[in-house]
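Q: Compute the structure for the input listed below.
(one chain, ligands or ions: 2)
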Amino acid sequence: MSEAAARSTGPGPRGTEPELLLSLEPLLRQWLPRQRWFAGKGRALGGFTLDAVTRLRPGDALLHLLLRTHRAPDGTDPGDCYQLLLGAARTPPPHLATAVLGQATRGPLAGRIVHEGLQDPGHAAVLLERLRTPGVLGGLRFHRGPSGDVAGGLAARPLTAEQSNSSVVYGDALIAKVFRRVVPGTNPDLELPLALAREGCDRVPAPVAWYETADGTTTLGLLQPYLKGAVDGWDLALKHLADDEEFTAQARQLGRATGEVHLALARALPTVTYTPAHLEHLAATMTRRLEATAQQVPALAHLVPALRGAFDALAGLAADGRVRQAQRVHGDLHLGQCLRDPAHGWRLIDFEGEPSRPLAERRMPHPPHRDVAGMLRSFDYAAASHRPWNPAWSTACRAAYCAGYAESTGQDPRDDDVLLRAYETDKAVYESLYEARHRPDWLPVPLGALERLAQRP
Ligand SMILES: Nc1ncnc2c1ncn2[C@@H]1O[C@H](COP(=O)(O)OP(=O)(O)O)[C@@H](O)[C@H]1O
Ligand SMILES: O=P(O)(O)O[C@H]1O[C@H](CO)[C@@H](O[C@H]2O[C@H](CO)[C@@H](O)[C@H](O)[C@H]2O)[C@H](O)[C@H]1O
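A: Ligands and ions are numbered 1, 2, ... in the order given. Predicted coordinates:
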């Protein structure tokens with residue numbers, strides 16, 4: 001396994017270090033489909049190639065892999081690329097028991113137990129060391145942000161919650177996020193927080209370091225300040241529901257915070273004035289998504305004719321002569337992406353957009369109503385996941401959130417109700433597919449909302 005091979009990127013006919021795959025392939029076939037972030041669930045897992053292999057510390061058994069999964073056994077389709085950090089030990093310590101992929105029986109790792117590297121605090125510490133040191137290492141390029149030095153020697157605590165990506169907290173001071181499915185391009189989760197930091201907006205933690213592929217094409221991960229003691233909006237909302245308490249004051253402040261972030265994004269990055277053609281295109285895209293989703297979520301099919309009405313009304317706005325601005329937005333805003341602490345109030349995280357959408361689509365400007373609609377859906381989710389269902393709680397939060405948004409921006413999203421409803425419908429359609437794929441028990445939540453949206457005059 002030469003250094004040259006380890007540096008190479010791009011799959012080539014068989015990818016780099018094919019012999020490593022001899023060891024890993026049987027383990028990956030079992031393990032990958034069980035990971036929340038694996039996008040190929042339910043599809044044939046044909047072949048694998050390695051785009052890049054990097055040893056994060058010379059002589060260390062921590063492998064950084066860019067692994068490509070193909071539908072075709074011969075790897076002839078472009079496939080999906082995943083970022084993996086794997087350790088391989090003769091006898092892994094007991095605390096790694098839940099992180100084990102299995103024992104390799106052949107190839108260069110034969111006899112070794114392969115485990116998730118990020119779940120090992122020792123290995124996760126190596127990643128922090130790398131992030132502190134700008135420059136190229138194998139297939140990776142590390143960068144440090146304008147804030148300068150990054151603290152070292154901090155104890156690593158991997159987060160175990162099911163996520164779209166994987167995160168490690170360092171000494172309650174920093175948090176690293178490792179993107180799992182990676183595609184060429186700048187990830188908006190890096191791009192937008194950097195732009196907001198340049199704009200002086202402190203509602204979003206500013207990246208202190210990040211890394212990408214050595215050729216600079218693909219964002220792989222980032223490091224940002226850890227907001228110690230902050231509670232996420234989802235947990236806070238559920239606690240209020242359980243205690244039968246209102247959440248309107250918090251929802252209003254969250255609306256204000258969202259508005260501030262939107263204003264800063266509109267200053268920091270290009271905006272687009274929506275023409276009638278933009279609105280017609282948006283309506284057609286949403287309609288197509290609805291129809292395609294109904295093919296995959298049969299329980300949605302009977303609602304399609306009524307829901308299409310929301311998108312027809314959106315296309316109809318093309319004639320109203322009103323000027324609408326599109327701008328960069330969060331793209332997947334929900335209560336779990338909002339962190340609150342008593343000293344700073346609300347902050348927003350995770351600007352990656354909806355993980356299953358193509359990157360180019362996630363980086364497109366949208367009317368800010370898109371994020372507002374995401375949050376409205378989230379209040380509905382919280383109320384619907386609580387027993388007994390408390391729709392009045394959701395209605396009050398939704399109104400307070402929009403009022404807060406209007407306070408900071410001067411624009412009440414409810415004034416453009418056709419646009420807001422179209423985005424809310426589109427979001428609930430997305431959620432029905434997300435839940436069908438990842439959390440089938442939750443599917444009734446977006447389906448219930450779609451039933452109600454379909455009945456609205
Ligand atoms: N800066 C931060 N400070 C504190 N906790 C954070 C921070 N960033 C993320 N988290 C925690 O990590 C979890 C996962 O982060 P997130 O960016 O949403 O990842 P994913 O893309 O995998 O969903 C969040 O739910 C939050 O609880
Ligand atoms: O946070 P992620 O980037 O991983 O976003 C994905 O997962 C979310 C669930 O964890 C999902 O959000 C949906 O469920 C939430 C409750 O768990 C709810 O608050 C959101 O409103 C709802 O959309 C999100 O859609 C998905 O992209």
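
Q: Going by C-alpha atoms from here, please, whenever you check contacts or count neighbours.
A: Noted.

Q: check which helix or strand covers the residue in the stretch 351-457 of the chain that ligand 2 sits nearest to.
A: Nearest residue of the stretch 351-457 of the chain to ligand 2, counting by CA to the nearest ligand atom: Ser378, 3.2 Å away. In this assignment (DSSP states H and E), Ser378 forms part of helix 369-384.

Q: Skip ahead from that helix and say which helix or strand is next.
A: Where DSSP H and E defines the elements, the next helix or strand beyond helix 369-384 is helix 391-409.

Q: what's the spacing between the closest residue to ligand 2 within the stretch 1-150 of the chain and Gln253?
A: As assessed by CA to the nearest ligand atom, ligand 2 sits closest to Trp37 within the stretch 1-150 of the chain, at 8.5 Å. Distance, Trp37 to Gln253, by CA to CA, to the nearest Å: 32 Å.

Q: Check Phe179 too.
A: From Phe179 over to Gln253 (counting by CA to CA), the distance is 30 Å.

Q: ok so, going back, quick one, what contacts the residue of the stretch 1-150 of the chain closest to ligand 2?
A: Gln163, Ser164, Asn165, Arg180, Arg181 (CA atoms under 8 Å, 6 or more residues apart in numbering).

Q: Please look at the last one and Phe38 and confirm they touch.
A: Read that as Arg181. Yes: between Arg181 and Phe38 a contact is recorded at 7.4 Å, counting by CA atoms under 8 Å.

Q: These two - which one has more neighbours?
A: Using other CA atoms under 10 Å as the criterion, Arg181 and Phe38 rank with Arg181 on top: 21 against 17.

Q: Leaving aside the residues adjacent along the chain, what's closest to the more buried one?
A: Leaving aside its sequence neighbours, Arg181 sits nearest to Tyr82 (CA to CA, 6 or more residues apart in numbering; 4.4 Å).

Q: pretty sure that neighbour is in a helix, no?
A: No: going by DSSP: H, G, I helix; E, B strand; the rest coil, the assignment for Tyr82 is strand, not a helix.

Q: Name the SS class of the nearest residue to Ala44 once chain neighbours are set aside, please.
A: Leaving out its chain neighbours, the residue that sits closest to Ala44 by CA to CA, 6+ apart is Arg71, at 5.6 Å. Under the three-state scheme (three-state DSSP), Arg71 adopts coil.

Q: Show the contacting residues for Arg71.
A: Applying CA under 8 Å, 6+ apart, the residues near Arg71 are Arg43, Ala44, Leu45, Gly46, Gly47, Asp77, Gly79.

Q: can you list the residues of the stretch 51-200 of the chain near ligand 2?
A: Within the stretch 51-200 of the chain, the positions near ligand 2 by CA under 6 Å from any ligand atom are Gln163, Ser164.

Q: who's in contact with the nearest residue to His70 once chain neighbours are set aside?
A: What sits nearest to His70 in space, not counting adjacent residues and going by CA to CA, 6+ apart, is Gly79, at 4.4 Å. Neighbour list for Gly79: Arg68, Thr69, His70, Arg71 [criterion: CA under 8 Å, 6+ apart].

Q: on that earlier part again, got the contacts of Arg71 as TSV, with pLDDT columns?
A: Below are the contacts of Arg71 laid out as TSV (pLDDT from 0 to 100):
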residue	pLDDT
Arg43	81
Ala44	83
Leu45	90
Gly46	91
Gly47	92
Asp77	88
Gly79	92
